[in-house]
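Asks: Dropping the sequence and predicted coords here.
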Amino acid sequence: MSTKIEVCFITSDINDNSGSYRLWVKDLAEYFNELGITAYINKLTDNIKSNVVIILGKSDVGKCEDYKRNYPNNLIGIINPTGGILYSADFIIVGSIEEKDSLAINKNVFIFPLIENKYRKITQKIHTDKDKIVIGVHGSYSHLAKFDPYLKKAIEEFSKNVNIVLKIISSPMPKKWVYGRPEIHNIEVSDFNLTTFSSDLLNCDIGLVPNISDNTPLFKKTSKDKGLYNTDYFFRMKNKSNSGRIFVFIQHGIPVIADLTPSNLHILGNPENGFAVFSKDGWLNALKELSNAKKRNTISRNALSEFNRLYDPIKWATKLISDIQKIEKYDKNN
């Protein structure tokens, strides 16, 4: 009979403000333990058995070769690698289909979505009609450039008829926001702080998630033989694109308008759950629909129901453990 699997996470970045630690180490270890799988953090022994799977946090993926050399009988996994890609890991944990494909040279790339455990049971916002609509954006400062050109134009036009506040929740900005900034009167900026983040989100009425850049002006050639038309989309996104920014809005009861990033479509492909758009009119029409409080409540309820169905972290953790146990090296040693 095979020995029961154990998981040891190794990370030098024990910091709840770090999403990669919070979601893929701390929370994932908790899910594994809920499933009856022994999981711990930074507790390797000298005589480690082959049933112990070692998973290196994002801050420690550069140590992969050392761990493979020191623990040749153990599976070594890495989380969300950045920069130089380490293909020698036995498996990689990522947050999206986009990232999985970009690392497909490693045949064992497993998705665990960016699900915030701390917001799983939070009470959703109830929307009411109000004189001023707060439109929220959160995430890295770099996402703000993605307002250009279509979201910028849509917000400017929307603000002509609706009293709005654009609320930005981000890490301290390295410089003044210029590229993509809408020419509107009310823009508020709040520094991201994990202790106040939830209340900041609950102050929002609509959530925006821009991510892709429009490259259409760079590609003007058409060819029916090659299947190229003047109506084609040409946009650019990071290989690490994911739907994590959507999730926290949904968990808080904030209806979402996001762009056509592939991961977004898993939940927003159904227009009853929110809006996936690209053009100026797409953003604008969605903003107009969500100016109605009743519509916001309907969309947010639908989205949460679908989120809970698609993104139960225990189900994803069960699948992840199953995938790890199917890796040939683990199966052979245990």
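Replies: Yep, that arrived. Numbers count the residues shown, from 1 in each chain.
Asks: how is this structure carved up into domains?
Replies: Listed domain ranges for the chain are 6-114+312-326, 119-310 (source: automatic domain parsing).
Asks: Any regions of this structure where pLDDT drops low?
Replies: Within the chain, the stretches with pLDDT under 70 are 1-2, 83-87, 174, 217-218, 220.
Asks: Residue nearest the middle of it, spatially speaking?
Replies: Nearest to the mean C-alpha position of the chain, counting by Cα atoms, centre = their mean, stands residue 244 at 2.3 Å.
Asks: So the nearest residue to it once chain neighbours are set aside: helix, strand or coil?
Replies: Nearest residue to residue 244 in three dimensions, chain neighbours excluded: residue 114, at 3.1 Å (Cβ to Cβ, 6 or more residues apart in numbering). Placement of C-beta: from N, CA and C, glycine included. Under DSSP: H, G, I helix; E, B strand; the rest coil, residue 114 falls in the coil class.
Asks: quick one: residue 114 and residue 181, what's the gap?
Replies: Between residue 114 and residue 181 the computed distance is 27 Å (Cβ to Cβ, to the nearest Å).
Asks: Repeat that for residue 107.
Replies: According to Cβ to Cβ, residue 107 and residue 181 sit 43 Å apart.
Asks: who's more crowded, these two?
Replies: The residue with more neighbours, out of residue 107 and residue 181, is residue 181; 17 against 8, by other Cβ atoms under 10 Å.
Asks: can you give me the strands for the stretch 51-200 of the chain?
Replies: Counting by DSSP state E, counting those that start in this stretch, the stretch 51-200 of the chain has strands at residues 52-56, 76-79, 91-94, 109-111, 133-138, 164-170, 187-191.
Asks: looking at these, which is closest to residue 17?
Replies: Among the strands of the stretch 51-200 of the chain, strand 187-191 comes nearest to residue 17, with 11.6 Å by Cβ to Cβ.
Asks: Counting by contacts, list what the closest one packs against.
Replies: With contacts taken as 3 or more Cβ pairs under 8 Å, 6 or more residues apart in numbering; DSSP states H and E, strand 187-191 sits against strand 164-170.
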